[in-house]
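>>> Next comes the sequence, and after it the predicted model I'd like to discuss.
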Amino acid sequence: MVRPPTLVLSGARSRAERELVRQWTSSTYGDGDDGAVRVVPDDARELAGALDGAGPDTTVVPVRVVWPPAERDSSDAPALTDLLSLSARRRGLRHLHARVRGWSTTRGRVVAGDAASLAQLRREGDRELGTPDGAGFVAFVRRRATLACDRAERRLTGDRYKVPRLMAEQIVASAAVRERAAGLAGELDLSVDEVLARTARCLEEMAAVQSPPAIEAFRSVMSPLHRRAWDLDVDTASLGDLREQGRRRPLVFLPSHRSYADPLVLAEVLHAHDFPRNHVLGGNNLAFWPLGTLGRRAGIVFIRRSFGDDAVYKFAVREYFGHLLDKRFNLEWYIEGGRTRTGKLRPPKYGLLRYLVDAADQLPEDSPGHDPLLVPVSLHYDQLHEVGALAAEQGGAGKKAEGLGWLAGYMRDQQRRIGSARIRFGEPVGLRDALAEAGEGPSQLEKVAFRVAVGINRATPATPTGVVTFALLGAGGRALTLEQVRAVVAPVRGLLGEEPAIRALDTPDGVVETLCRLVSVGVVECFEGGPEPVWSIGADRHHVAAFYRNGLLHHLLTRAVLETALFTVADEGHDLAHDQVLEACWEAALALRDLLKFEFFFPRKRDFRDELLAELDRLAPGYRSAPASADGAAELLGRAELLVAPGTLLPFVEAQWVVATVLAGHEGALEDRGAFLDACTGLGQQWWRQQLLLGADVVSRELFTSALRVADNRGLLGADATEADRAAWRDELAAVRDRLRRAGEREQALRADAWEGERDAARS
């Protein structure tokens, strides 16, 4: 039997590896001397010579020697021997190969990538590159060999070490990219080669060049930033299915952003469950040494903070995205664009999502990257060391620049245990389904981003610190005993259902533990000089406490809107018939939804109505079918065990009220937003001192900025905005504020009755 000609394309880089490849070739193909099997080094010149004159039926088999680390739990920190083993493939460390082999006879393993005939390779090269010349075809074969060996290596080491190779070379060599570059060259009056050269430079600047040693080194070096601070609480129920889907199509992880440690925490979770390393898109403000040097080799893609005027850079980003999607690499970025300063989700940014859609659209429909899977991820923490700095920024303090000194300080702060980091994965959605549901039009991307944000909120658990700070901030500044804290926590706990994270609050010890944690980080003060301890929010810690409280508010939003709508009906709907009360309540809810749509992520209107009705059934079972009136709505609110609307909505309504008041006195178009926000901060601080605002956390530049978005959406910032229109918005907010204030007074009365009863019981 005649053996078909075979070229074993060897990536061996040392004498030890060449010997292992020789042994593998002999074992696989025998020791025959017919010349049908030839080992060729992975060198451009030698491969060109081997391919010259080879027939179309010649089979090319790429092989590589792999030095896998010892088996250990995937969540363990890497050992030194692991790093040496993973580093052994590097040419500069080839002297280690014989030693690594000596550690264990099984360490050096030859893996073979999928074989291909020379005819098949030429067809694929023509399709990708457009009839390449000799050197171009040799480079194509070498790239294909590298990728084939990568896939074979992952079958041995696991998906967590899936890494990209030869990224810039593959992108600029593509015939499709050259064709699109030709179009851009015409627009910029440049040559195609110049556009491609600039694109290659941009890609070299941004592209992550991952390697297993760098990934393990990055995990080891960065672990002090998160390992000691938090225990990981991960909902793993959906990860198995998600991992399987990731083997067929790329995953795009879109997490909430609360801490600098977010990407490190998520990476550890995914690593422990055998996901390949994400390409994490981050701002180049974090590309300083050593974070930038090591991070780029561990999957971080450092993108310029602003590149709107650089057409070639935008072209490079789009082509980079397309290449990663087509090769089924996973992406990760933080859709809020930066860490939340208030504790709740920020409005999403659409720029990177636009590039993702454009890149996916350029791929053929049979490419796995044409329809990536969007994965909402909630990262939520019991406590954060960096909250104090985030809260200070809301009062006008400047953001500290990132650098080596900042990194050292952050690492030092993270050495103290402060609770749990809770990681939850929302319901994933295919990009094509999300776009189709959003419909065509200018708001399509906005709707897709909001769908992701709703998915994040639904996945975000309530935390003990969120519930306790909600209770203390709602106490009107008074200090509370343990039983008084529990008297507020219990009904909030009842509204939140069977959330596992807050079960600790069902016992006195669990409440005390949460209070003590808040005391340890200076958010809560404890006075122990009397007969029993009392707890309160520190005088200058309202912004910090509000950060934790605000992470809870999306759980209470529907109930808060319902309460406010019922107050509206009670105020204005005395003449309504029974069948008109619910519709009036719905109209009031829609008006409030419109007022707060830039602060909270509301579901679609039909879903929102269903949620409101379900909440009404919880508040008053049978209310929809029983005879009722507007007076009945007021009576219903009076019997409520707890009113959450003041603590949930009033800070945001009052922040808008401050902005609306300043805007009502402003003449002409609003041009200098910085000066305007300074004026709002000044008025807010004055009103806080006059006790006209609920709390100091109302004075927040982020809340004022969101209020400006509402004003802009209503056409109140331009030169054509009338004084009457601006005054009408201010008066609308004043009316809502008045209702929420009265709801707060009723809530305080409810609490006072409970607290007085407790005190009387203690005296007796």
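Yep, it's here.
>>> can you map out the strands along the stretch 51-200 of the chain?
59-66, 109-112, 116-117 (DSSP state E, counting those that start in this stretch).
>>> now the ones you listed as CSV including distance to Ala727, mean neighbour count and mean pLDDT?
Every residue, glycine included, has its C-beta placed from N, CA and C. What follows is those, written out as CSV (distance: least, CB to CB, whole Å; neighbours: other CB atoms under 10 Å; pLDDT from 0 to 100):
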stretch, distance to Ala727, mean neighbour count, mean pLDDT
strand 59-66, 72, 24, 92
strand 109-112, 73, 19, 90
strand 116-117, 74, 18, 91
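>>> Let me know which of the ones you listed is the nearest to Pro255.
strand 59-66 (31.9 Å; CB to CB).
>>> Direction included, what does that closest one pair against?
Here strand 59-66 is paired, per DSSP bridges, with strand 6-10 (parallel), strand 109-112 (antiparallel), strand 116-117 (antiparallel).
>>> Now tell me what touches that strand from outside.
If you take CB atoms under 8 Å, 6 or more residues apart in numbering as the criterion, strand 59-66 is touched by 4-13, 17, 20-21, 24-25, 42, 89, 97, 108-113, 115-118, 121, 141, 144-146, 148-149, 152-153, 156-157.
>>> PyMOL command for the buried members of those residues?
Here is the PyMOL command that selects only those of the contacts of strand 59-66 that count as buried (16 or more other CB atoms under 10 Å):
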select buried, resi 5+6+7+8+9+10+11+12+13+17+20+21+24+25+42+89+97+108+110+111+112+113+116+117+118+121+141+144+145+146+148+149+152+153+157
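>>> Leu390 and Val280: what is the separation?
21 Å (CB to CB, to the nearest Å).
>>> Dump the strands paired with strand 59-66 into TSV; add distance to Leu480 as well.
Below are these laid out as TSV (distance: least, CB to CB, whole Å):
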stretch	distance to Leu480
strand 6-10	73
strand 109-112	64
strand 116-117	72
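>>> Tell me which of the ones you listed sits nearest to His554.
strand 109-112 (47.9 Å).
>>> any residues touching the closest one, and which ones?
20-21, 23-24, 28, 61-68, 149, 152-153, 155-156.
>>> before we move on, the earlier item: out of the strands of the stretch 51-200 of the chain, which is closest to Glu599?
strand 59-66 (52.2 Å).
>>> Figure out how far that closest one is from the centre of its chain.
Remark: strand 59-66 is offset 38 Å from the chain centroid, using CA atoms, centre = their mean, to the nearest Å.
>>> ditto for stretch 647-655
26 Å.
>>> Would you mind writing the CA trace of it as PDB?
Provided in PDB are the C-alpha atoms of stretch 647-655 (Å, rounded to 0.1, in the frame of the first residue of the first chain):
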ATOM      1  CA  GLY A 647     -36.800  55.900  50.700                       C
ATOM      2  CA  THR A 648     -36.800  54.500  47.100                       C
ATOM      3  CA  LEU A 649     -37.900  57.500  44.900                       C
ATOM      4  CA  LEU A 650     -37.600  60.700  47.000                       C
ATOM      5  CA  PRO A 651     -33.800  61.200  46.600                       C
ATOM      6  CA  PHE A 652     -34.100  61.100  42.800                       C
ATOM      7  CA  VAL A 653     -37.200  63.300  42.700                       C
ATOM      8  CA  GLU A 654     -35.600  65.900  44.900                       C
ATOM      9  CA  ALA A 655     -32.400  65.900  42.900                       C
END
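>>> now it: mean pLDDT?
Mean pLDDT, computed over stretch 647-655, is 95.
>>> just stretch 40-54 next, same as before
Averaged across stretch 40-54, the pLDDT comes to 89.
>>> Confirm that Gln580 sits in a helix.
Yes - assigned with DSSP: H, G, I helix; E, B strand; the rest coil, Gln580 falls within a helix.
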